[in-house]
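Asks: Need a 3D model of the sequence below.
(chains A and B)
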Amino acid sequence: MTTVTNKNTEGSGDVRLSGIGKTYGSFTAVHPLDLTVPQGSFFALLGASGCGKTTTLRMIAGLEEPTSGTVHLGDQEVTRLPPYKRPVNTVFQSYALFPHLDIFENVAFGLRRRGIKSVKKQVEEMLDLVQLGEQARKKPHQLSGGQQQRVAVARALINHPKVLLLDEPLGALDLKLRRQMQLELKRIQTEVGITFIHVTHDQEEAMTMADTVAVMNAGRVEQLGSPTDLYENPDTTFVANFLGTSNLIEAEVDSRSGDEIVLKAGGGKLVLPEARCSAPTTTGGKVLVGVRPEKITLTHADEAGEIPAGRNRITGKIADSSFIGVSTQYVIDSPVCPEFEVYAQNIDRDARLVPGADVVLHWNPAHTFGLDAAMDIDAGTEEEAAV
Amino acid sequence: MATLTEAPPPPTPTAPEKKPPRRRGRFTPYWLLLPGILWLLVFFALPMIYQASTSVQTGSLEEGYKVTWHFVTYWDALSGYWPQFLRSVAYAAAATVLCLLLGYPLAYLIAFRAGRWRNLIMILVIAPFFTSFLIRTLAWKTILADGGPVVGALNTLHVLDVTNWLGWTAGDRVLATPLAVVCGLTYNFLPFMILPLYTSLERIDGRLHEAAGDLYAKPWVTFRKVTFPLSMPGVVSGTLLTFIPAAGDYVNADLLGSTDTRMIGNVIQTQFLRILDYPTAAALSFILMAAILIMVTFYIRRSGTEDLV
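Replies: Sure thing, here's the model as predicted:
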């Protein structure tokens, strides 16, 4: 049983999932998991398709009945409540707007079902919030994708739910509109202060929008934390590879000095702060050492002597480089790792750094993280996803 | 397509021929339409004109008929047979409502709940069509036979007391009563209701149901506010496909009814084939057609389905 609980203290409006799991026949979609989403936060469930994130969301919405565990919204247990009795609303993937109703009636739907008679003012305010006041009398199919998306948000938000659930709400939009809507959703969330639980497979989307991200893999929560925390201190190889790119090197524990661990990798030595290592370290044992590509500096082998002391260094040969505007991405063939990735800002480009050049890669040891060597080094990479 | 054109001048090697490509396909759509148009002309338009002219003729079989613009036939037909007209509309309407009440739940079941049984149930709906219309109607004679199990059960359950009181049945009999005719009509036209209903229900995105539930609609409210409005195209086409043929039907009234349940179809049939009063028969046909057209137009306007498409 995966136990991941947020550090925040429980508030009155928190969403609490305790031991919640879902199986379909012999297939386990979601392993029993514990999760607390603090009131008012923007929470993202991130993972590849089929990892159980949507199922988890649907269990909170009441659209799926959990096989085990309970769902609490604040003090209220809602595990067996049908969706229409839960104080949560969902923004569906592809929106599910009612095609026979105009925008106004779509937004008013929830209010009318709860027997509220005078809906005009509220609906108009809500349409203004999502900047669709002019479109009130149009039918959904007359709107663009981005506008439909905003209607879906307005239709859910107008009910002032305790929690707003968003199921890949931006999946159908093109990239530019998606960026725009990410900021828009974030603005709305800040404005209304309602808890948002956002399901997405787009790591960049999750990191831009959410306060807290839970990375899911194969029906389990791999790690939970703030975007910075997840990025800088991944607990598992899956998180390290799924969120951005990581260079992972297999190394052997050599010795310790103070709160630093010295490791042997290839011929050289690497230093890893003990606090940044999630794996047990016994002398002679193996660990996976990770470093993000943008933390690394490339220096031509001829100038290796100028590298300040105390930095982790690895030698290698440039196998490939691609210029992408703000940075240049290098692939380095090194004895410790065949495809070492390095992103270098295009500030002072060294003309000698072309494929075939011998280079030294070096970085601040504080940027190194350590993972359990028993884990699959390729978990969460695109290569793995393609299999 | 044979066209006479002058032989083109031989192309010069320096300037390759740049004539715009001849649009061979320009007339193709019309050629493709031709068989259909001819068919309609020969089997729809011409008979209609012929019938229209028949309806204003006078004369007798022996002396032959002549067009005398005798419009009084229409008035005579209407005043003589208005009870049968009304009865036809009433029976057809009753059968249509029954078809809708029976067909909607079944279509709903097939569209949303049947799962892997879907195809099997669809086949069961269509299967009766493999037997003749006449035989299926005759079968109802046996089903509703006097003293048969159905009538016996209805009698025991005192249903017949109610239907007798309503004037739908008479005494211990179901056969040869309005109820029998409506039963026959309902049975025979039920698939025409189910198929369009199923088609329009099946097109509804299941997520709309979830969305309605998520927005505080109880299942029944979801049905009323989302499912039913979205199935309106199916309801309209189903009711039309049931009502129109039922209003002109004469087989059910003939086999399951009595002289008191004669529908306008029976009258037209008798006029044409027994009494051989062609003008009256033709006039009755036109009145029936006009009446149905008016009712259907009014109905479509009211149901506002143009808005849904």
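
Asks: could you say what helices and strands the helix ranked longest in chain B packs with?
Replies: With secondary structure taken from DSSP state H, chain B has its longest helix at helix B:72-108. The helices and strands touching helix B:72-108, judged by 3 or more Cβ pairs under 8 Å, 6 or more residues apart in numbering or on different chains; DSSP states H and E, are helix B:178-202, helix B:232-248, helix B:264-270, helix B:278-303. C-beta coordinates here come from the backbone N, C-alpha and C atoms, glycine included.

Asks: what angle sits between that helix and helix B:178-202?
Replies: In terms of direction (axes from the mean of the first three to the mean of the last three Cα atoms, to 10 degrees), helix B:72-108 departs from helix B:178-202 by 60 degrees.

Asks: tell me which parts of the stretch 101-250 of chain A are close to chain B?
Replies: Neighbours of chain B within the stretch 101-250 of chain A, by Cβ under 8 Å from any Cβ of the partner chain: A:Phe109, A:Gly110, A:Arg113, A:Arg114, A:Arg155, A:Ala156, A:Asn159.

Asks: Buried ones among those?
Replies: Buried by 16 or more other Cβ atoms under 10 Å in any protein chain shown: A:Phe109, A:Gly110, A:Arg113, A:Arg155, A:Ala156, A:Asn159, out of those.

Asks: sorry, back to before: report the angle between the axes of the longest helix of chain B and helix B:232-248?
Replies: Per the same axes, to 10 degrees, the angle that helix B:72-108 makes with helix B:232-248 is 140 degrees.

Asks: Out of the residues of the stretch 101-250 of chain A next to chain B, name the ones that lie in helices.
Replies: Using DSSP H, those in helices are A:Phe109, A:Gly110, A:Arg113, A:Arg155, A:Ala156.

Asks: What residues does the first one make contact with?
Replies: I take that to be A:Phe109. When contacts are counted by Cβ atoms under 8 Å, 6 or more residues apart in numbering or on different chains, A:Phe109 is found next to A:Phe98, A:Leu101, A:Arg155, B:Ala212, B:Leu215, B:Ala217, B:Lys225.

Asks: Please render those residues as CSV that adds distance to A:Thr56, secondary structure and pLDDT to the earlier fields.
Replies: Output for the contacts of A:Phe109, formatted as CSV (distance: Cβ to Cβ, whole Å; DSSP: H, G, I helix; E, B strand; the rest coil; pLDDT from 0 to 100):
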residue, distance to A:Thr56, secondary structure, pLDDT
A:Phe98, 26, coil, 96
A:Leu101, 30, coil, 94
A:Arg155, 22, helix, 94
B:Ala212, 22, helix, 96
B:Leu215, 21, coil, 95
B:Ala217, 24, coil, 95
B:Lys225, 29, helix, 94
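
Asks: Mark which of these are buried, thanks.
Replies: Applying 16+ other Cβ under 10 Å to those, the neighbour count classes A:Phe98, A:Leu101, A:Arg155, B:Ala212, B:Leu215, B:Ala217, B:Lys225 as buried.

Asks: ok, which pair from the ones in helices among the residues of the stretch 101-250 of chain A next to chain B is furthest apart?
Replies: Farthest-apart pair in these is A:Arg113 and A:Ala156; separation 12.9 Å (Cβ to Cβ).

Asks: Give the ranges of residues in the stretch 1-150 of chain A that sit below the confidence cut-off.
Replies: Scanning the stretch 1-150 of chain A with the threshold set as pLDDT under 70 gives A:1-11.

Asks: wait, I meant chain B
Replies: Ranges of chain B meeting pLDDT under 70: B:1-24, B:304-309.

Asks: now, the most widely separated pair of the buried ones among the contacts of A:Phe109?
Replies: It's A:Arg155 and B:Lys225 that sit farthest apart of the buried ones among the contacts of A:Phe109, by Cβ to Cβ, at 13.6 Å.
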